[in-house]
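Participant: My questions are about this predicted structure, shown below with the sequence.
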Amino acid sequence: MEFSETSWEQTLATYNVSLTDDDLNRTAFAGERGLWSDLASEFPQYQRKACFLMIFSMLEDDLNQFCEALRIKLDLRIAVSEIAGRGIERAKIYLSKIAEIEFPSESAEWERILRFAT
């Protein structure tokens, strides 16, 4: 995320310089002069949202893989995919009810994760 943020900040800085340097503007931005709003506000927001979705999806996948590992290790007969619900909430149900692991669903961290999910 830091690399990406740094990259678009550098691109914005180059674009700002290109507004006073026609050769740079033509070379780097094809002569475009209406990109400031996109580069300064819109693109970073899209990028941050995309990164968040990717990280959240990785969390969900990790939880599902953990459930599957526990199913094998504990020789459980029910797979996470057989539990009603979706995503991280389904994994929570599996861990607490099927694997009988104390799940921190009352913790501030879990509550925060759920807020991010909506």
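Facilitator: Happy to help now that I have it.
Participant: When you work out contacts or count neighbours from here on, use the C-alpha atoms and nothing else.
Facilitator: Will do.
Participant: elements contacting the helix or strand hosting residue 27?
Facilitator: Using DSSP states H and E, residue 27 maps to helix 22-29. The helices and strands touching helix 22-29, judged by 3 or more CA pairs under 8 Å, 6 or more residues apart in numbering; DSSP states H and E, are helix 2-18.
Participant: May I see the buried residues of the helix it packs on?
Facilitator: Across helix 2-18, burial judged by 16 or more other CA atoms under 10 Å covers 8, 11, 12, 15, 18.
Participant: coming back round to it: name the residues of the helix holding residue 27 that come out as buried.
Facilitator: For helix 22-29, using 16+ other CA under 10 Å, the buried residues are 24, 25, 29.
Participant: tell me the pLDDT at the closest residue to the second one other than its chain neighbours?
Facilitator: If the residues on either side of it in the chain are set aside, residue 25 comes closest to residue 18, at 4.5 Å by CA to CA, 6 or more residues apart in numbering. We have a pLDDT of 88 for residue 18.
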